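Chemist: next input, structure requested:
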Amino acid sequence: QVHLVETGGGLVQAGGSLRLSCAASGRTFSNYVLGWFRQAPGKEREFVAAISWSGARTFYADSVKGRFTISRDNAKNMVYLQMSSLKPEDTAVYYCAATPLYSTTPGEYEYWGQGTQVTVSS
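Modeler: Below you'll find the predicted structure:
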C-alpha cells in the first residue's frame, strides 16, 4: 500500500506559477513510477507528467511540455510538479498517483492521492 497526499494547490493568475508536492508513505517509494494527472469539471482525468523510479526519465503531456517540470526526492518520499506560465485551461483538480510501470493511462495507476485544486484566473 502507498499512501499519497498532495499539497500546494491554490488560486493563481494566468502567467503565474505554483508548485505542487506529493508526500508518499507505505511501500518502497523508489519502486514506483510517479505521475501527475488532472481532472477539470465535466472532463475525464488526463495525464500531465510522470517520472521514472530513479528520476532519470520524465514524460509530459504535450499541453504542459515546456511549462511544467516533474521531479522526485526518493530520500524524502516526495514528488513535485513545478507549474509555470499557467493558463486558465490548466484549472483542474491535480492528483498524484503511483504505478509499478510507466503509463499515461489512469487505470494503470494503483495508488492515488485525494487531489488538490488549482485555479488559474484570466
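Chemist: C-alpha only now, for contacts and for neighbours.
Modeler: Will do.
Chemist: the nearest residue to residue 94 once chain neighbours are set aside sits in which helix or strand?
Modeler: Closest residue to residue 94 apart from its sequence neighbours, by Cα to Cα, 6 or more residues apart in numbering: residue 38 at 4.3 Å. Element membership of residue 38 [criterion: DSSP states H and E] is strand 33-39.
Chemist: in its sheet, what does that strand sit against?
Modeler: strand 46-51 (antiparallel), strand 92-99 (antiparallel) (DSSP bridges).
Chemist: could you pull out the helices for this protein?
Modeler: For the chain, applying DSSP state H gives no helices.
Chemist: show me where it has strands.
Modeler: Secondary structure of the chain by DSSP state E: the strands cover 2-7, 10-13, 18-26, 33-39, 46-51, 58-60, 68-73, 78-83, 92-99, 111-112, 116-121.
Chemist: next one: residue 91 from residue 46, what distance?
Modeler: 12 Å (Cα to Cα, to the nearest Å).
Chemist: those two: who's more crowded?
Modeler: Set residue 91 next to residue 46 and count neighbours by other Cα atoms under 10 Å: residue 91 wins out with 20 against 17.
Chemist: identify the residues contacting residue 25.
Modeler: Counting by Cα atoms under 8 Å, 6 or more residues apart in numbering, residue 25 makes contact with 2-4, 77.
Chemist: now swap in residue 32 and tell me
Modeler: Contacts of residue 32 (Cα under 8 Å, 6+ apart): 52-53, 98-101.
Chemist: just for the protein, where's the confidence low?
Modeler: Scanning the chain for pLDDT under 70 picks out no residues.
Chemist: residues in contact with the one residue sitting closest to the centre of the chain?
Modeler: Residue closest to the average C-alpha location in the chain (Cα atoms, centre = their mean): residue 36, at 2.3 Å. Taking Cα under 8 Å, 6+ apart, we find residue 36 in contact with 47-50, 81, 94-97.
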